[in-house]
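[1] Pasted the sequence and its predicted model underneath.
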2 protein chains.
Amino acid sequence: MSSPQTHIPPPVEAEVPRRPARGQLADGREILYFFDAPLDHGDFEPPGDPRHLPSRPPAAELRRDPLTGEWVSFAAHRQTRTHLPPADECPLCPSGDHRATEIPAGDYDVVVFENRFPSFGPGQRDQVLGDGLGDTFPAHGRCEVIAFGAVHGDSFGDLPLERARTVVDAWAQRTAELSVLPGVEQVFAFENRGAQIGVTLHHPHGQIYSYPYVTPRTLTQLEQARTHRARTGRNLMQDVLDFELAAVTRIVERSEHFTVFVPFAARMPIEVHVVPHRHVADLAGLTAAERADLAEVYLRLIRGVDALYPTPTPYIAAWFQAPVHHPDAGELRLHLQLTSPRRAEDKLKYLAGSEAAMGAFIGDVTPESTAARLRAALRLVKGSPA
Amino acid sequence: MSSPQTHIPPPVEAEVPRRPARGQLADGREILYFFDAPLDHGDFEPPGDPRHLPSRPPAAELRRDPLTGEWVSFAAHRQTRTHLPPADECPLCPSGDHRATEIPAGDYDVVVFENRFPSFGPGQRDQVLGDGLGDTFPAHGRCEVIAFGAVHGDSFGDLPLERARTVVDAWAQRTAELSVLPGVEQVFAFENRGAQIGVTLHHPHGQIYSYPYVTPRTLTQLEQARTHRARTGRNLMQDVLDFELAAVTRIVERSEHFTVFVPFAARMPIEVHVVPHRHVADLAGLTAAERADLAEVYLRLIRGVDALYPTPTPYIAAWFQAPVHHPDAGELRLHLQLTSPRRAEDKLKYLAGSEAAMGAFIGDVTPESTAARLRAALRLVKGSPA
């Protein structure tokens, strides 16, 4: 077991991740361009957006579920959002001579922009959310789309390593910047991949949500970490990491700064966690060396998941980050939870009665067998560590 | 607002629901027959099971997720469970001259039997579940299948009222009997309907789980109800019911003993709750008059949901019942949560990054509009109250 962890990570040695070039879309939304070669584009001028767009919708409505205390955002305008457009109508492709997309530039490496159909925002929260029956609030916050590249047919696993680095740097930059917006309680970067899990755009992209509350799953983790600290004096995630390293059987891979493993009680048929060795709250707190290492580890993991089956595997890649203001936030460590419902080549796990209604999960495969399959798949991926 | 509720419901006036006839399957599993006409079958003798079945699998393995404190059951034998068999191989059809199914009788009204591929059981829990890292336990408990009738092509909404009454009575009888098994903490009756949400057998049926722990969602409800009581001195569900009745707009229907409404913060595109007017812990605590009323209300609701679209709507019908031993159990009231991911005729809501990883729900439609659509659909259902 490790020595006790401090509550608050040491003063951040993190170098500022690369700075984006900033532009604006026709309806006032912000767009940011990140470049693989940061020294190359000093004179890049974000092009204007030639479109005439309707005004942005008002913020959605937040309601608190009295039976659980959890917030639900009602974003009715999302019902009409773009749904699996053909490639020649893709809003994430670069703009061309005959078509203006969400991205006015003719080419790009990584672009982040505010979602046109956001679950949270526009606007920042300026009031404390109540806890009575029937309270409603504007769903302030901010939702961003992050496009991983200009090539429509790519997926994350197709990207070169320098692009994966740009993506990790962009996530870190966005986390730093969004965390200080008024009323933002938690920043969540994620990628949904695959039409089987509801992806509505095939162009390789992810999303970044800034919530005006601490999410239910994070509250549960905070409570567990607090209880663990009170009982043992130690940080929960450090003990989990030490436990998995000692158990060996679920470890998928290790790098200098990160360990990749299938967790002891994995809920989903494919579930992999990536945990940093140093106690760090979020992507913004990583050093440049850690970010570079993470880009490599993450890209290999995605390629490994893609090597499990002859066809691409749907997944959710979710970056768990410490909330911004919660008193126990210092207990939470940045980590990735990558999950997939694929339980066989032609079968998905569905979250039915027990999982959906009761939150009680039934696993079909052991975490140890999933780890063994992922280790085998990763051996097929180029650039494996010796 | 109502007057304060007592913690513990008044002594149960519930009459014992009808008694089943009991038989045994070839591998020792119990099977129970319930009849629509209880006076008619005094001499029904459950037929023997002519099959040679392999021994029952050992109980699955329970593991506790250290990050959330939640239990996950690993039932690897379920990977090979029957998956969408053709009608002539359906295990829930009655047995015939040339084929022996899970149900040895040649006809039946309602049958309950122990699941051949259970998530919990066989066996009852005989130890306290631990809370250390890496503890494993046999997933004791009991999982039952309830078949709603002998006709393969039926769905619940096709059943006559007397059959719906038999089903409600069977749920009540099973809740009473399973609640007193050693180690059972919570009894959960539910129906998953529709291949779109993962149903693996089309014959009309539901399931009854007896968990060896209190489920995560129930723990959250208990904590909210406890907090509400401490703050207001009142029962949470009674206040929710009063709140919905006063708001009017989300009420779908009312009967003498139950109110049907779309909740203020519904998570799913279709979500309806059915709440009894009397504070009662579970289906076993209902009086005969309440059970008869509930059968009518529930059957109408299912038919209304089926009338929303030209094709059948997938749904999860989940009976929330108070846990058996929890100190705050007296605060929880029996209620139904019926949910469907269908957000348009040809579109499903998927639980992707925000919902699946963070537990943060984004709704597409307002609860008020869902309630209006359900009221209109119910007007099309025969046997409407005036």
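    Yep, that arrived. Numbering: from 1, shown residues only, chains lettered A, B, ... in the order given.

[2] in stretch A:116-133, what's buried?
    A:R116, A:F117, A:P118, A:S119, A:F120, A:G121, A:P122, A:G123, A:Q124, A:R125, A:L129, A:L133 (16 or more other CB atoms under 10 Å in any protein chain shown). No exception for glycine: its C-beta is placed from N, CA and C like everyone else's.

[3] Likewise for stretch A:51-62?
    For stretch A:51-62, the neighbour count (16+ other CB under 10 Å) marks A:R56, A:P57, A:A59, A:A60, A:E61, A:L62 as buried.

[4] Please report how far the fourth one lies from A:G134.
    A:A60 sits 17 Å away from A:G134, taking CB to CB, to the nearest Å as the criterion.

[5] Get me the contact residues on the stretch 201-350 of chain A for chain B.
    Proximity of the stretch 201-350 of chain A to chain B, by CB under 8 Å from any CB of the partner chain, involves residues A:207, A:209, A:211, A:215-218, A:220-221, A:223-224, A:227-228, A:236-237, A:239-240, A:243, A:247, A:263-267, A:316, A:318, A:320, A:337, A:339, A:343-344, A:347-350.

[6] What is the neighbour count of the residue nearest to A:P57 when sequence neighbours are not counted?
    Residue nearest to A:P57 in three dimensions, not counting chain neighbours: A:H77, with 4.4 Å by CB to CB, 6 or more residues apart in numbering or on different chains. Using other CB atoms under 10 Å in any protein chain shown, A:H77 has 16 neighbouring residues.

[7] so what strands line up beside the lowest-mean-pLDDT helix or strand in chain A?
    Among the helices and strands of chain A, strand A:347-348 carries the lowest confidence by mean pLDDT, DSSP states H and E, at a mean of 88. Using DSSP bridges, the strands paired with strand A:347-348 are strand A:342-344 (antiparallel).

[8] who touches the partner strand?
    A:Q196, A:P269, A:I270, A:L308, A:Y309, A:T313, A:P314, A:L348, A:K349, A:D364, A:V365, B:Q79 (CB atoms under 8 Å, 6 or more residues apart in numbering or on different chains).

[9] Show the pLDDT at A:A14.
    On pLDDT, A:A14 comes in at 53.

[10] need the next SSE after the helix or strand hosting A:Q224, C-terminal direction.
    Taking DSSP states H and E as the definition, A:Q224 sits inside helix A:216-232. Next along the chain after helix A:216-232, taking DSSP H and E as the criterion, comes helix A:236-247.

[11] Pull the residues that contact that next one.
    Helix A:236-247 has contacts (CB under 8 Å, 6+ apart) with A:1-2, A:5, A:224-225, A:228-229, A:232, A:250-251, A:259, A:261, A:263-264, A:275, A:277, A:279, A:331-333, A:335, B:66-67, B:133-134.

[12] for the stretch 151-300 of chain A, what spans make up the strands?
    All strands of the stretch 151-300 of chain A, identified by DSSP state E, counting those that start in this stretch, fall at A:186-193, A:205-211, A:251-254, A:258-261, A:270-276.

[13] Please identify the deepest-packed of those.
    Mean neighbours per residue, mean count of other CB atoms under 10 Å in any protein chain shown, is largest over these for strand A:186-193, with a mean of 26.

[14] What average pLDDT does that strand get?
    Mean per-residue pLDDT for strand A:186-193: 96.

[15] for stretch A:127-136, same thing?
    Per-residue scores along stretch A:127-136 average to 84.

[16] hmm, it touching chain B?
    Yes - judged by CB under 8 Å from any CB, stretch A:127-136 comes into contact with chain B at A:L133, A:G134.

[17] for that stretch, the distance to its chain's centre please.
    28 Å (CA atoms, centre = their mean, to the nearest Å).

[18] which helices and strands sit right next to the helix holding A:Q224?
    The contact analysis (3 or more CB pairs under 8 Å, 6 or more residues apart in numbering or on different chains; DSSP states H and E) places helix A:216-232 against helix A:236-247, helix B:358.

[19] what's it in contact with?
    Residues from elsewhere that reach helix A:216-232 (CB under 8 Å, 6+ apart): A:68, A:70, A:186, A:214, A:234-237, A:239, A:320, A:323, A:326, A:328-329, A:331-332, B:66-70, B:216, B:220, B:357-360.

[20] could you list every residue that touches A:P17?
    Going by CB under 8 Å, 6+ apart, A:P17 touches A:D169, A:A170, A:A172, A:Q173, A:A176, A:A284, A:A288, A:R291.

[21] Quick one: neighbours of the first one, just the number.
    The local packing of A:D169 (other CB under 10 Å) involves 26 other residues.

[22] Once you drop chain neighbours, what's closest to A:H140?
    Take A:H140 and drop its neighbours on the chain: the residue closest to it by CB to CB, 6+ apart is A:R125, 4.0 Å away.

[23] so who does that neighbour touch?
    A:F137, A:P138, A:H140, A:G141, A:P182, A:G183, A:V184, A:P212.

[24] Repeat that for A:A147.
    Contacts of A:A147 by CB under 8 Å, 6+ apart are A:L92, A:I103, A:Y108, A:V110, A:V111, A:V112, A:H203, A:P204, A:H205.

[25] ok, back up a step: may I see the ChimeraX selection of the buried members of the contacts of A:R125?
    This is the ChimeraX syntax for the buried subset of these, where burial follows 16+ other CB under 10 Å:
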select /A:137,138,140,141,183,184,212
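
[26] With distance to B:D97 as extra columns, can I get the contacts of A:R125 in CSV?
    Converted to CSV, the contacts of A:R125 look like this (distance: CB to CB, whole Å):
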residue, distance to B:D97
A:F137, 65
A:P138, 67
A:H140, 68
A:G141, 65
A:P182, 74
A:G183, 70
A:V184, 68
A:P212, 65
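
[27] Quick check, A:V72 in contact with A:R63.
    Yes - between A:V72 and A:R63 there is a contact at 5.4 Å, judged by CB atoms under 8 Å.

[28] quick one: common contacting residues for these two?
    With CB under 8 Å, 6+ apart as the test, A:V72 and A:R63 both reach B:A265.

[29] Pull the contacting residues for A:V112.
    For A:V112, the contacting residues are A:P20, A:I31, A:L32, A:F34, A:E144, A:V145, A:I146, A:A147, A:A170, A:R174, A:I208, by CB under 8 Å, 6+ apart.

[30] What of A:R373?
    Here A:R373 is in contact with A:L308 (CB under 8 Å, 6+ apart).

[31] and with 10 Å instead?
    A:R373 makes contact with A:V252, A:V262, A:I270, A:G304, A:A307, A:L308, A:V365, according to CB atoms under 10 Å, 6 or more residues apart in numbering or on different chains.

[32] Return the residues in contact with the nearest residue to the fifth one once chain neighbours are set aside.
    What that stands for is A:A307. Closest residue in space to A:A307, ignoring its immediate chain neighbours: A:A377 at 4.1 Å, by CB to CB, 6+ apart. If a contact means CB under 10 Å, 6+ apart, then A:A377 has A:V252, A:L301, A:R303, A:G304, A:V305, A:D306, A:A307, A:L308, A:Y309, A:T313 as its contacts.

[33] Widest-spaced pair of those?
    Maximum pairwise distance among those (CB to CB): 16.7 Å, between A:V252 and A:Y309.

[34] closest point of the stretch 201-350 of chain A to chain B, which residue?
    Here the residue of the stretch 201-350 of chain A nearest chain B is A:Y350; by CB to the nearest CB that distance is 2.6 Å.

[35] Name the nearest residue to that residue, sequence neighbours excluded.
    Closest residue to A:Y350 apart from its sequence neighbours, by CB to CB, 6+ apart: B:G198 at 2.6 Å.
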